[in-house]
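Asker: Below is the structure, and that's it, no one-letter string:
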Ligand code: SF4
Ligand code: SF4
């Protein structure tokens, strides 16, 4: 069951694990996640964190364990790849 709106928890997406499969995007009933292209790959992005209920459906749906629910302020929420450092040539 979903938690009330304004949950203290929200998903942190690890771009090192995210394959861009899109399962978390489909799992979010509120459509808060999307796939964003970064160079040749796509990564999941939480684009409206204030509406996130912290229900964890997205984390449960991820087969690559790329999503962790964290309390707000406990750690920076990654932006789905934009913060990733450029790979070495
Ligand atoms: S976070 Fe997980 S479920 Fe979502 S696109 Fe990335 S690998 Fe797929
Ligand atoms: S925790 Fe729930 S509401 Fe928040 S992004 Fe994931 S599926 Fe959507």
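Answerer: Cool, the structure landed. All values derive from a computational prediction rather than experimental measurement. Ligands and ions are numbered 1, 2, ... in the order given.
Asker: I figured residue 68 hits residue 9, correct?
Answerer: No - Residue 68 lies out of contact with residue 9 (Cβ atoms under 8 Å); the separation is 9.7 Å. For the C-beta atoms, the positions are set from N, CA and C on the backbone; glycine is no exception.
Asker: low-confidence ranges in this structure?
Answerer: Residue ranges of the chain with pLDDT under 70: 1-6, 73-89.
Asker: Next to ligand 1 in this structure, residues from it, please.
Answerer: Proximity of the chain to ligand 1 (Cβ under 6 Å from any ligand atom) is limited to residues 13, 18-24, 44, 61-62, 64, 66-67.
Asker: In CSV: those, plus neighbour count and secondary structure.
Answerer: Output for these, formatted as CSV (neighbours: other Cβ atoms under 10 Å; DSSP: H, G, I helix; E, B strand; the rest coil):
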residue, neighbour count, secondary structure
13, 24, strand
18, 23, coil
19, 14, coil
20, 18, coil
21, 16, coil
22, 14, coil
23, 16, helix
24, 26, helix
44, 29, strand
61, 17, helix
62, 21, coil
64, 14, coil
66, 24, coil
67, 26, strand
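Asker: Mind picking the two most distant members of the residues you listed?
Answerer: 20 and 61 (13.8 Å; Cβ to Cβ).
Asker: First residue to last residue on stretch 49-66, what's the distance there?
Answerer: Stretch 49-66 has an end-to-end distance of 17 Å (Cα to Cα, to the nearest Å).
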